[in-house]
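Enquirer: Sequence plus the predicted model coming up.
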Amino acid sequence: MFEGIFQPMHLLVIFGIAVLVLGPRKLPELGKGIGESIRGFRAAMKEPESLPEKSGSSGDAGSGGA
């Protein structure tokens with residue numbers, strides 16, 4: 001069902017509609033914002049997960065006393 005959804009002609013039509021709706025001045029800003037959010041997401045995924053470990057140790061102390 002979705003095998004032909006990302007053909008080059010479809011992408012050109014989607015880009016054309018985006019230019020008509022947003023205008024040529026807003027597209028670079030939109031692309032920049034999307035790129036920054038993807039970079040931030042990747043950076044967050046690479047950070048060590050030390051915060052859940054700290055919250056888990058305080059939860060264990062509370063359940064042991066009850």
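Expert: Happy to help now that I have it.
Enquirer: Sketch out the strands for this structure, chain order is fine.
Expert: Counting by DSSP state E, the chain forms no strands at all.
Enquirer: For the longest helix anywhere in it, C-alpha coordinates in PDB please.
Expert: Taking DSSP state H as the criterion, the chain has its longest helix at helix 26-46. What follows is helix 26-46, C-alpha atoms only, in PDB (Å, rounded to 0.1, in the frame of the first residue of the first chain):
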ATOM      1  CA  LYS A  26       9.600  30.700   5.500                       C
ATOM      2  CA  LEU A  27      11.000  27.400   4.100                       C
ATOM      3  CA  PRO A  28      14.600  28.000   5.000                       C
ATOM      4  CA  GLU A  29      13.600  29.000   8.500                       C
ATOM      5  CA  LEU A  30      11.400  25.800   8.800                       C
ATOM      6  CA  GLY A  31      14.300  23.600   7.500                       C
ATOM      7  CA  LYS A  32      16.700  25.200  10.000                       C
ATOM      8  CA  GLY A  33      14.300  24.600  12.900                       C
ATOM      9  CA  ILE A  34      13.800  21.000  11.900                       C
ATOM     10  CA  GLY A  35      17.600  20.500  11.600                       C
ATOM     11  CA  GLU A  36      18.200  22.000  15.000                       C
ATOM     12  CA  SER A  37      15.600  19.800  16.600                       C
ATOM     13  CA  ILE A  38      17.000  16.700  15.000                       C
ATOM     14  CA  ARG A  39      20.500  17.600  16.300                       C
ATOM     15  CA  GLY A  40      19.200  18.200  19.800                       C
ATOM     16  CA  PHE A  41      17.400  14.900  19.800                       C
ATOM     17  CA  ARG A  42      20.500  13.000  18.700                       C
ATOM     18  CA  ALA A  43      22.600  14.800  21.300                       C
ATOM     19  CA  ALA A  44      20.100  13.900  24.000                       C
ATOM     20  CA  MET A  45      20.100  10.200  22.800                       C
ATOM     21  CA  LYS A  46      24.000  10.100  23.200                       C
END
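Enquirer: what packs against it?
Expert: Counting contacts by 3 or more CB pairs under 8 Å, 6 or more residues apart in numbering; DSSP states H and E, helix 26-46 packs against helix 8-22. C-betas here are computed from N, CA, C, even on glycine.
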